[in-house]
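> here is my input; please provide its structure:
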Amino acid sequence: MAIHHNPLPREIADGIFWLGICHEQFHNGKTYHTYNASFVIVGTEGSMLVETGHQGDYPTIRKQVKSVLEEQKSTLKYLFLTHQEVPHSGGMGRILDDFPEVTVHCDVSDYHLCFPEHSHRLKDFEVGESLDLGNRKFFAAEPVIRDLRTSLWGFDTLTRTLFPGDGFAYSHYHDDAHCGKTAEEAESLDLGEVSAVFAERALFWTKLADMNIYVDRLEELLKELNVSNVAPSHGLPVLDLPTTMPKIRSGLVSY
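Residues are numbered from 1 along each chain as shown. You can find the predicted model right below:
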C-alpha cells in the first residue's frame, strides 16, 4: 500500500478540517485510492476530533491535528468515533496519551477493556445527545447504514455537516488527480462503480439486503436534519447533495 503526496488538511466547511492520508488499494486488476479520514471541528469554546484514522496513519494525523489547532488557536476537548473498527479508532489510545484533556464520546462499548487507564474519560453518547463547542453543537445522529452494532453518526449544527462513518464509503482515482478533492470536483469519478467496490470489500451485507429501504431512510434523515454537507470516513466530502446524492443512491442500490 503506497502513500502519495498529501493535499490535506483542507477546510471543507466553516471550521471543519479534513485530515488523513490517501492509500492505494488493488481490486480486480484496478488501482483505487481511499481515505481513512479524520475531521477537526473548531468551535469558539474548543475543538472536536471525529475519527482517528488507522493506527499507521497516526503520525500524520497527529501532525495535522496540531497544525490546525495551532493555526485556529484552539484546544482539543472531544473525540468522537463512529465505531470501533481500526480504520476509525486505531489512533484512540495515542490521542488520549497526547491530549490529556480530551474525553471520548460515542458508543464506548469495550473501549475500557483496551484502555483501562483511560476508562474515566470514556463517555457514552446516544442519538439525540449533543456536545457544545460554543458557536456550534455536535449531535449524535441515527446510524442508518451500520458497519458494526455500535455504529453512530454525528452532525454539526453550524455547517449542517453529517459525519456518517461508512455510510458514504467509496474510493477514487489517483490517476485522475482526485486526491484531496470533493466528490463534485472529481468530475470523472464513477460513484456507482467505486461505491460497489467498497461495499463488496467492507460492507458485504449490503449485497444481501434490499438497499432501497436503507437509502430511503437515509434520504429522510438528510431532509430531517437539513444536511448541507457530508464528511464520510472513506469517501470524498460531498458539498452539493442535490448533485451527488442520486449517484450515491445508484451505487448503493444498483450494484
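
> please make it C-alpha for all contacts and neighbour counts, starting now.
Fine.

> can you pull out the helices in the protein?
Counting by DSSP state H, the chain has helices at residues 58-72, 86-89, 92-98, 111-114, 191-202, 211-225, 241-254.

> and of those helices, who's closest to residue 157?
The closest of the helices of the chain to residue 157 is helix 211-225. By C-alpha to C-alpha, the value is 9.0 Å.

> helices or strands up against the closest one?
Counting contacts by 3 or more C-alpha pairs under 8 Å, 6 or more residues apart in numbering; DSSP states H and E, helix 211-225 is packed against helix 241-254.

> determine how far the helix it packs on lies from the middle of the whole chain.
Centre-to-centre, helix 241-254 and its host chain are 18 Å apart (C-alpha atoms, centre = their mean, to the nearest Å).

> and for residue 188, the neighbour number?
Neighbour count of residue 188, defined by other C-alpha atoms under 10 Å: 13.

> scratch that, residue 159
Here the count is done by other C-alpha under 10 Å, and residue 159 has 16 residues near it.

> residue 228 too?
Residues within reach of residue 228, counting by other C-alpha under 10 Å, total 17.

> any idea how far the residue lying closest to it once chain neighbours are set aside is from residue 185?
Leaving aside its chain neighbours, residue 228 sits nearest to residue 160 (5.3 Å; criterion: C-alpha to C-alpha, 6 or more residues apart in numbering). Residue 160 sits 20 Å away from residue 185, going by C-alpha to C-alpha, to the nearest Å.

> more crowded one of those two?
Taking neighbours as other C-alpha under 10 Å, residue 160 and residue 185 compare with residue 160 leading, 18 against 15.

> weakest of the helices of the chain in terms of mean pLDDT?
Among the helices of the chain, helix 191-202 has the lowest mean pLDDT, at a mean of 65.

> ok, now how distant is residue 78 from residue 127?
Going from residue 78 to residue 127 by C-alpha to C-alpha gives 17 Å.

> with neighbour numbers in mind, choose between the two.
It is residue 78, of residue 78 and residue 127, that has more neighbours when counted by other C-alpha under 10 Å, with 21 against 15.

> who are the contact partners of the closest residue to the more buried one other than its chain neighbours?
With sequence-adjacent residues excluded and distances taken as C-alpha to C-alpha, 6+ apart, residue 78 is closest to residue 48, at 4.6 Å. Under the criterion of C-alpha atoms under 8 Å, 6 or more residues apart in numbering, the neighbours of residue 48 are 40-42, 76-80.
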